[in-house]
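Asks: next input, structure requested:
(2 chains)
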2 protein chains.
Amino acid sequence: MGKYIFGVDIGGTTVKLGFFDREGTLLDKWEIPTRTEDDGCNILPDVADSISEKLKEKEVAIEDVAGIGVGAPGPIDGEGVVHRAVNLGWGVFSIKKTLEDILHLPVMAGNDANVAALGEMWKGGGRGSRDLIMVTLGTGVGGGIITDGRILTGVCGAGGEIGHVHVEDAETESCNCGNYGCLEQYTSATGITRLANRKLAGCDKESVLRGGEVSAKTVFDAVKQKDALAMEIAEEFGKYLGDGLAVIASVINPDTIVIGGGVSRAGEILMDYIRPHYEKNVFHGSREVKFALATLGNDAGIYGSAKLVLDAVV
Amino acid sequence: MGKYIFGVDIGGTTVKLGFFDREGTLLDKWEIPTRTEDDGCNILPDVADSISEKLKEKEVAIEDVAGIGVGAPGPIDGEGVVHRAVNLGWGVFSIKKTLEDILHLPVMAGNDANVAALGEMWKGGGRGSRDLIMVTLGTGVGGGIITDGRILTGVCGAGGEIGHVHVEDAETESCNCGNYGCLEQYTSATGITRLANRKLAGCDKESVLRGGEVSAKTVFDAVKQKDALAMEIAEEFGKYLGDGLAVIASVINPDTIVIGGGVSRAGEILMDYIRPHYEKNVFHGSREVKFALATLGNDAGIYGSAKLVLDAVV
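Replies: Have a look, this model is predicted:
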């Protein structure tokens, strides 16, 4: 059994790679550009080349590698087949088989947000948990669910799509997914900005937010200064996210909810706005959940994809 | 490896038992009373006695039995430990260990609604699926979720609690669980009756429902006669259930949703009211779901608990 694992996180502009031992120590990490031209046909060969070079550099024999884990932005089913990844130019094909044919090593693949959740469970904010919900509040809202230590993949790899849970019937603007009233429209960085601009336009209340550029960061900075209008915006954000997480947790019964992504840099103050709504609506069996901030940042994907391999080949 | 399995479904008044072969053929089924007195301490010994008698009757050696599966009404974790089952008088103890110590056979245990979902997946309305949501519309609303062929148990056995998903902020009456606005309050048999009585009291519209006794059955019978008021009630029911299932399916990504329980006797007409709301709000990756009626009725629990054993000892 190999001593080392590679974790690979394929993004729209760069591919992050990590070289791990079986205990999850990150021995090296680096990036290569993602070549999305020509339907992204170079991406996996580039990954394979980069891994081969690293093995040479480290003087590690291929027999000492347990496998390669890959996270990518798209629905990826339990067999390692991606069902379109628009950002990469990919259609439908087996990531697992393609990379195994080049490298002759075991390959496991999963959706990037799901894999990041696994990473946070293994070595991040969700350490010690086996039943966890992770929500990533970035430009959009990503999510991943772990039940009994394993990624909830779903039938075609769309499991854990927390950002597109419907939370508002009255919405008139459409979400990127085509629906109306998705959680992402209120709790992503852009969603919070939208809530703020609506609130500012809809009243004359004084606020430090008036005049300057409004963003998720300026909103939560203003909340920390006890700006009343900013606190109203945070309250709306917290109701949408707390209510949404309550519904999901009522059926998932997690012990931990990890909040990550750019918005999570606001820190523990987020929980003050999320938790009361969560606790009010969640089924009592899931009330005692721990809210934690993500700790791995952009490395969650490489950790999680390495863990995919470890779980599969043990 | 034993050729036979027992499936046991412990209810508040009777225990149902089934004797299966490994292919899932139900060779015999019978019931015994549930003795809930003395904190329910006789229930498992009674089950053990009944199984021993059946083995004698069938002239089957204990070595030919692969194991016993047990479903019971309460949160039961992945180790077979029940965390209070009020209807049975049970506190916290290991069902698995207790019954294994008496029978010297492998025992697996799970929550009754979750186990019923597994049964419907194996031999009922969800046959062929490995990612399924089951919702049981009875006096209350029960639920079970199967992901990748396995029950979603959650950290303390409260996974799949679909009935207590929050769907209505404006509710003023509390649910049995203590929260306000749970799915169960609008979509169980009693919930539909509540919706109907509210509707009847709130308007003067003519309806065949006026004057007689109102129940989920009379409401859907009236819907089939195209009674306008009954159709409005069905519409409310369908919105609550369709919206609730859409949120859950957005994160579970199932291929099948099975509707069971007494209310499901209304038949396919239920789907006409649920599906439009479901399709409007669900994430596109989970839109192509198959809605199916449960087919095993009260036997779902014994089938599912037998399957628990099969999955564990294979």
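
Asks: pLDDT weak spots in chain A?
Replies: Residue ranges of chain A with pLDDT under 70: A:314.

Asks: how is it carved up into domains?
Replies: Chain A breaks down into these domains under automatic domain parsing: A:4-119+A:298-313, A:128-295.

Asks: just the element for the closest residue to residue A:298 other than its chain neighbours, please.
Replies: Nearest residue to residue A:298 in three dimensions, chain neighbours excluded: residue A:16, at 6.8 Å (Cβ to Cβ, 6 or more residues apart in numbering or on different chains). Where you see a C-beta, it was placed from the backbone N, CA and C, and this is true even at glycine. Assessed by DSSP states H and E, residue A:16 sits inside strand A:14-21.

Asks: strand partners (parallel or antiparallel) of that strand?
Replies: Applying DSSP bridges to the sheet, strand A:14-21 is found paired with strand A:4-10 (antiparallel), strand A:26-33 (antiparallel).

Asks: which of those sits most buried?
Replies: Stretch with highest mean neighbour count among the strands paired with strand A:14-21: strand A:4-10 (a mean of 27; mean count of other Cβ atoms under 10 Å in any protein chain shown).

Asks: only alpha carbons, please: show that strand as PDB.
Replies: Output of strand A:4-10 as PDB, limited to C-alpha atoms (Å, rounded to 0.1, in the frame of the first residue of the first chain):
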ATOM      1  CA  TYR A   4       1.700   8.900  -0.500                       C
ATOM      2  CA  ILE A   5      -1.400  10.500  -2.000                       C
ATOM      3  CA  PHE A   6      -1.900  13.300  -4.400                       C
ATOM      4  CA  GLY A   7      -4.900  15.700  -3.900                       C
ATOM      5  CA  VAL A   8      -5.900  17.700  -7.000                       C
ATOM      6  CA  ASP A   9      -8.400  20.600  -7.000                       C
ATOM      7  CA  ILE A  10      -9.300  21.700 -10.600                       C
END
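
Asks: give the contact list for the nearest residue to residue A:94 once chain neighbours are set aside.
Replies: Counting by Cβ to Cβ, 6+ apart, residue A:81 is the residue found nearest to residue A:94 once chain neighbours are left out, at 4.8 Å. Shown in contact with residue A:81 (Cβ atoms under 8 Å, 6 or more residues apart in numbering or on different chains): A:92, A:93, A:94, A:95, A:96, A:157.

Asks: number of residues surrounding the spatially closest residue to the last one that is not a sequence neighbour?
Replies: Same thing as residue A:157. Among residues not flanking residue A:157 along the chain, residue A:75 sits closest, at 3.4 Å (Cβ to Cβ, 6+ apart). When counting by other Cβ atoms under 10 Å in any protein chain shown, one arrives at 23 neighbours for residue A:75.

Asks: what about residue A:75, distance to residue B:142?
Replies: 29 Å (Cβ to Cβ, to the nearest Å).

Asks: can you check residue A:136 too?
Replies: Per Cβ to Cβ, residue A:136 is found 32 Å from residue B:142.

Asks: same check on residue A:188?
Replies: 34 Å.

Asks: swap in residue A:99?
Replies: Distance, residue A:99 to residue B:142, by Cβ to Cβ: 43 Å.

Asks: which residues does the closest residue to chain B within the stretch 201-314 of chain A contact?
Replies: Ranked by Cβ to the nearest Cβ, the top residue of the stretch 201-314 of chain A for proximity to chain B is residue A:253, at 2.4 Å. Contact partners of residue A:253, counting by Cβ under 8 Å, 6+ apart, are A:131, A:285-286, B:152-161.

Asks: if any of those are buried, put those into a PyMOL selection.
Replies: Buried residues among the contacts of residue A:253 (16 or more other Cβ atoms under 10 Å in any protein chain shown), as a PyMOL selection:
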select buried, (chain A and resi 131+285+286) or (chain B and resi 152+153+154+155+156+157+158+159+160+161)
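
Asks: just the ones in strands from the contacts of residue A:253, please.
Replies: Secondary structure from DSSP state E places none of the contacts of residue A:253 in strands.

Asks: can you redo the contacts of residue A:253 as JSON lines with distance to residue A:231?
Replies: Formatted as JSON lines, these follow (distance: Cβ to Cβ, whole Å):
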{"residue": "A:131", "distance to residue A:231": "32"}
{"residue": "A:285", "distance to residue A:231": "31"}
{"residue": "A:286", "distance to residue A:231": "27"}
{"residue": "B:152", "distance to residue A:231": "37"}
{"residue": "B:153", "distance to residue A:231": "39"}
{"residue": "B:154", "distance to residue A:231": "34"}
{"residue": "B:155", "distance to residue A:231": "33"}
{"residue": "B:156", "distance to residue A:231": "34"}
{"residue": "B:157", "distance to residue A:231": "38"}
{"residue": "B:158", "distance to residue A:231": "33"}
{"residue": "B:159", "distance to residue A:231": "35"}
{"residue": "B:160", "distance to residue A:231": "36"}
{"residue": "B:161", "distance to residue A:231": "32"}
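
Asks: for residue B:111, state which of the contacts of residue A:253 is nearest.
Replies: When these are compared for distance to residue B:111 (Cβ to Cβ), residue B:157 wins out at 5.7 Å.

Asks: surely that closest one meets residue B:79?
Replies: No - checked against Cβ atoms under 8 Å, the pair residue B:157 and residue B:79 is beyond contact range at 9.4 Å.
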